[in-house]
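A.B. asks: I need the structure of the sequence given here:
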Amino acid sequence: MVAQRPHCIRHVRRSVSTARGIWGMLLLTSLILVLAPMSGGVRIPPHSAKGRGGVKRAPGDTGAVRKLTFGEEMVAGACARAAAQWIMFPADAMKTLRQARTSPGTVVKIPPVRDLLKGATATSLMALPAGAIQFSVFPAAKQVLKGGVPGMSMLVCELLASSAASVCACFVQTPQEVLKQRVQTGIYKSVRSGAAQAIREGGIAGLYTGFGPTVARNMPMVCFTFTAFSRLKAAFKARTGKEASGLSSFALGGFAACVACILTQPIDVVKTRLMTQALSNLTPYKGVGDCVSRMLREEGAGAFFKGLAPRMIYVAPFAAVQFTAHAAASKVVRACRRQDHES
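C.D. replies: The predicted model follows:
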């Protein structure tokens, strides 16, 4: 143990140095994105009562950016979430390995990129329904609250709507998180075999280990990210007269997610610990309360912020890619809908 310590220290220092370098590049990139001239919004050019070719335009089409229907939001949200999940999967794997509970003396080494992508395709496909639910429930719930509760401010509507979207998505996200994190830490060999093993050992409930902490993390995370992003977009439009899209959406989404990431880091560590207990030969946690108290007693308060840098490296670009991809997918959906009206 003593003989291995210098090697361990060198490995840890090298890992920290690498993480700082990556994080520094991301911060510099974000700064450039914020300061660079931001692209204009996507607007459907105003037409007369008839569209191109003399075709009558759809009712209510005034030339402004049109809202998507519930089904269209599901399609755009699903594509955005899956794309962001796949692109940022290696950073997510690094975050999980940093947070996971391991036996004393264990050195968690960063595997090669090929191993970091293990399970990326399967879990990204599982992200399709999560994105569909989250992005469709948020605007639908906001519209219901806005029209059904007189006097409710838009901020409260957005907070309640994002909470509803978060809780609904957790019913899909929790099994995804359980399988993803156990594959990332080597507990399961693959998502498919892992799902079969989890159901065999604990039934369907085995896929919902850590559901409470997942909701407790996702609700404030989604509430802040979606609400802050919505407010930042409104401020951007008021200041520039343009819809946020492209680089501006990327920068605004990343900034909103960074703040939310710091606020929810402790509960994210608890969630990861509960989901990856099989990685350690230590006495299992009995639940959230036992996990929190033992972490405080055995590791100190700093343990709740383990993996913060890798998580920020993952979360900020993830949200930025997700919102940017959603804007791009929405543009495609609107174009398809306009072509259908004109045909």
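
A.B. asks: which helices and strands does the top helix by length along the chain pack with?
C.D. replies: Of all the segments of type helix in the chain, defined by DSSP state H, the longest one is helix 308-342. On a contact count with 3 or more CB pairs under 8 Å, 6 or more residues apart in numbering; DSSP states H and E, helix 308-342 meets helix 5-35, helix 70-87, helix 89-99, helix 211-240, helix 247-275. Any C-beta I mention is one placed from the backbone N, CA and C, and that applies to glycine too.

A.B. asks: Nearest to residue 117, out of those?
C.D. replies: Closest approach to residue 117 among the helices and strands packed on helix 308-342 is made by helix 89-99 (6.1 Å; CB to CB).

A.B. asks: Just the C-alpha atoms of that closest one, please, in CSV.
C.D. replies: In CSV, the C-alpha atoms belonging to helix 89-99 read as follows (Å, rounded to 0.1, in the frame of the first residue of the first chain):
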residue,chain,number,x,y,z
PHE,A,89,-21.2,10.5,-22.9
PRO,A,90,-17.4,10.2,-22.3
ALA,A,91,-17.5,13.3,-19.9
ASP,A,92,-20.5,11.7,-18.1
ALA,A,93,-18.6,8.5,-17.7
MET,A,94,-15.6,10.4,-16.2
LYS,A,95,-18.0,12.1,-13.7
THR,A,96,-19.6,8.8,-12.7
LEU,A,97,-16.2,7.1,-12.1
ARG,A,98,-15.1,10.1,-9.9
GLN,A,99,-18.2,10.0,-7.8
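
A.B. asks: Mind checking the pLDDT average for that helix?
C.D. replies: The average pLDDT for helix 89-99 rounds to 85.

A.B. asks: on that earlier part again, list the buried residues for the longest helix of the chain?
C.D. replies: Residues of helix 308-342 classed as buried by neighbour count (16 or more other CB atoms under 10 Å): 308-330, 333-334, 337-338.

A.B. asks: What about residue 234, how many residues nearby?
C.D. replies: Using other CB atoms under 10 Å, residue 234 has 12 other residues around it.

A.B. asks: Ok, residue 212 next?
C.D. replies: Residues lying near residue 212 (other CB under 10 Å) number 17.

A.B. asks: For it, give me its contacts.
C.D. replies: residue 288 (CB atoms under 8 Å, 6 or more residues apart in numbering).

A.B. asks: switch to numbering from 7
C.D. replies: Happy to do that; since the first residue is 7 now, the last one works out to residue 218.

A.B. asks: what about it, distance to residue 230?
C.D. replies: Distance of residue 218 to residue 230, given as CB to CB, to the nearest Å: 19 Å.

A.B. asks: got it, and residue 219?
C.D. replies: Separation of residue 219 from residue 230 (CB to CB): 17 Å.

A.B. asks: Those two: which is more packed in?
C.D. replies: Using other CB under 10 Å, the more surrounded residue of residue 219 and residue 230 is residue 219, with 24 against 19.

A.B. asks: Chain neighbours aside, what residue packs nearest to that one?
C.D. replies: Counting by CB to CB, 6 or more residues apart in numbering, residue 277 is the residue found nearest to residue 219 once chain neighbours are left out, at 3.8 Å.
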